[in-house]
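K.L.:
got a sequence here, can you build the structure:
(one chain, ligands or ions: 2)
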Amino acid sequence: MTVRIGVIGTGAIGRDHARRINQVLGGAEIVALSDVNRASAEAVKKDIAPEAMVFETGEALIASPDVDAVLVTSWGATHEQYVLAAIAAGKPCFCEKPLATTAEGARRIVEAEVTHGKRLVQVGFMRRYDAGYIALKKVVGTSIGAPIMVHAAHRNPSVPEQYVTPMAIHDTMIHEIDVLRWLLDDDYVSARVIFPRSAARSHAKLRDPQIVILETAKGMVIDVEIFVNCHYGYDIRCEVVGEDGAASLPEPMAVQMRLDARLQNRILTDWKDRFIESYDVELQDFIHAAARGTAAGPNSWDGYVAAITSDACVAAQEKEGEIVPINLPARPALYN
Ligand SMILES: NC(=O)C1=CN([C@@H]2O[C@H](COP(=O)(O)OP(=O)(O)OC[C@H]3O[C@@H](n4cnc5c(N)ncnc54)[C@H](O)[C@@H]3O)[C@@H](O)[C@H]2O)C=CC1
Ligand SMILES: O=C1[C@@H](O)[C@H](O)[C@@H](O)[C@H](O)[C@H]1O
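P.N.:
Ligands and ions are numbered 1, 2, ... in the order given. You can find the predicted model right below:
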């Protein structure tokens, strides 16, 4: 079966996901596109999916009998309405992070999916599909023994002036919030944020860098440095310290050069390149599940937990240095 997919939001990542579905992956084709900026959808049709229909609204795209499954890649604040519409239509839906911009919104999606009674939603936490994180997960709790601490860093070379302090959590660190919970098989119980002096390249409305300290239910302590104007490259680091040893996320493959009396490795500068294979694998997983009328991978519950944790981290930014508790409701059986 070829899964007929409609994409809502054809900006940077929507276009890239459309490209991978039509040109890289198997088992699906892009049949529908929609964007509030119609010219953007028309451009993706012209360049990537000439057979696709362009719909005036995301809701019309979801309702179309020609669409089997939906990709939501519009701005974060619009995700909830489209995911809820896809669930109401009984169609599998891949939603980019965040699942919703409020914990309340994510809870509404969980409730709708639970009422539907079957998984339909996959959240775009692609790091769970990254070969490096998968290899790291294999040694956590085995070769290095039970984990005790994690030291992680998320560094972007630069961000635009509109990027303000809370975005460091719900736009950027949300990836660590999800992947570390998955890596450690644990949940968070508190968050605390510490700000060093701001870097010279930071902006007026951004305190950058910052360090978030999370504690987990099993007693682990995690520090995550978020530095989004680090200048030198896109750098994702993660070291897990266990009872018997420590393990680090592998560096992305890079040719090592001996040049000009220096030993050199290129450092990537763009998240699109750093996780290119993970995006391919996550979407292939979505296609396989969608062909069976369901969803796999990170689920709505993971999106909800990430939203609750993000809110706590933002509260912790505002109460600099204070410990903010994180309380999770009971997990519905659908997500066990
Ligand atoms: N997993 C990952 O690593 C990444 C995830 N993202 C997520 O993907 C989403 C999109 O990000 P980008 O592509 O970078 O943004 P973008 O701004 O390049 O594209 C978003 C598109 O959505 C359209 N749009 C906005 N509101 C809409 C609505 N109500 N209905 C239909 N279309 C609408 C805009 O016109 C724009 O074309 C965000 O939620 C972002 O957090 C973005 C980058 C990386
Ligand atoms: O999701 C992403 C972007 O939206 C975000 O702005 C970046 O900071 C992340 O590194 C990237 O993976």
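
K.L.:
what does the chain have sitting close to ligand 1?
P.N.:
By C-beta under 6 Å from any ligand atom, the part of the chain that sits against ligand 1 consists of 8-14, 34-37, 40, 58, 73-76, 78, 96-97, 124, 126, 171, 271. Just so you know, the C-beta spots here come from the backbone N, C-alpha and C atoms, and that holds for glycine as well.

K.L.:
from those, which land in helices?
P.N.:
Of the positions in these, Ala12, Ile13, Gly14, Ser40, Gly58, Trp271 sit in helices, assigned by DSSP state H.

K.L.:
filter those residues by proximity to ligand 2?
P.N.:
With respect to ligand 2, and counting by C-beta under 6 Å from any ligand atom, the subset of those in contact is Trp271.

K.L.:
PyMOL command for the buried members of the ones in helices among the residues of the chain next to ligand 1?
P.N.:
Of those, the buried ones can be selected in PyMOL as follows, counting by 16 or more other C-beta atoms under 10 Å:
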select buried, resi 13+14+40+58+271
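
K.L.:
from the ones in helices among the residues of the chain next to ligand 1, which is closest to Leu263?
P.N.:
For those, the closest approach to Leu263 (C-beta to C-beta) belongs to Trp271, at 26.0 Å.

K.L.:
so how far is Ile87 from that closest one?
P.N.:
Separation of Trp271 from Ile87 (C-beta to C-beta, to the nearest Å) stands at 28 Å.

K.L.:
same question for Val224.
P.N.:
Between Val224 and Ile87 the distance, using C-beta to C-beta, works out to 32 Å.

K.L.:
of the two, which one has the most company?
P.N.:
Neighbour comparison, Val224 and Ile87: the larger count goes to Val224, with 27 against 24 (by other C-beta atoms under 10 Å).

K.L.:
contact partners for the more buried one?
P.N.:
With C-beta atoms under 8 Å, 6 or more residues apart in numbering as the criterion, the residues that contact Val224 are Ala152, Ala153, His154, Met173, Glu176, Leu180, Ile211, Val212, Ile213, Leu214.

K.L.:
the residues you listed in helices, which ones?
P.N.:
Counting by DSSP H, these place Glu176, Leu180 in helices.

K.L.:
which among the contacts of Val224 count as buried?
P.N.:
Neighbour-count burial (16+ other C-beta under 10 Å) applied to those gives Ala152, Ala153, His154, Met173, Glu176, Leu180, Val212, Ile213, Leu214.

K.L.:
does the first one really touch Asp235, like I thought?
P.N.:
No: contact criterion C-beta atoms under 8 Å: Ala152 and Asp235 do not qualify, at 11.0 Å.

K.L.:
burial count for Asp130?
P.N.:
Asp130 sits with 22 neighbouring residues when counted by other C-beta under 10 Å.

K.L.:
how is the protein partitioned into domains?
P.N.:
Domains of the chain are assigned by automatic domain parsing as 3-127+276-299, 129-269+327-335.

K.L.:
state the helix or strand in which Lys218 lies.
P.N.:
When secondary structure is defined by DSSP states H and E, Lys218 falls outside every helix and strand.

K.L.:
gap between it and ligand 1?
P.N.:
Using C-beta to the nearest ligand atom, to the nearest Å, Lys218 is found at 27 Å from ligand 1.

K.L.:
got it, and Asp178?
P.N.:
Between Asp178 and ligand 1 the computed distance is 10 Å (C-beta to the nearest ligand atom).

K.L.:
contacts only, for the nearest residue to that residue once chain neighbours are set aside.
P.N.:
Counting by C-beta to C-beta, 6 or more residues apart in numbering, Phe125 is the residue found nearest to Asp178 once chain neighbours are left out, at 4.3 Å. Shown in contact with Phe125 (C-beta under 8 Å, 6+ apart): Lys97, His175, Asp178, Val179, Trp182, Gly297, Pro298, Asp302, Ala306.

K.L.:
tally of neighbours for the nearest residue to the fifth one once chain neighbours are set aside?
P.N.:
Pointing back at Trp182 there. Nearest-residue entry for Trp182: Arg128, 5.5 Å, with adjacent residues in sequence omitted and distances by C-beta to C-beta, 6+ apart. One way to gauge burial is a neighbour count; for Arg128, by other C-beta under 10 Å, it gives 21.
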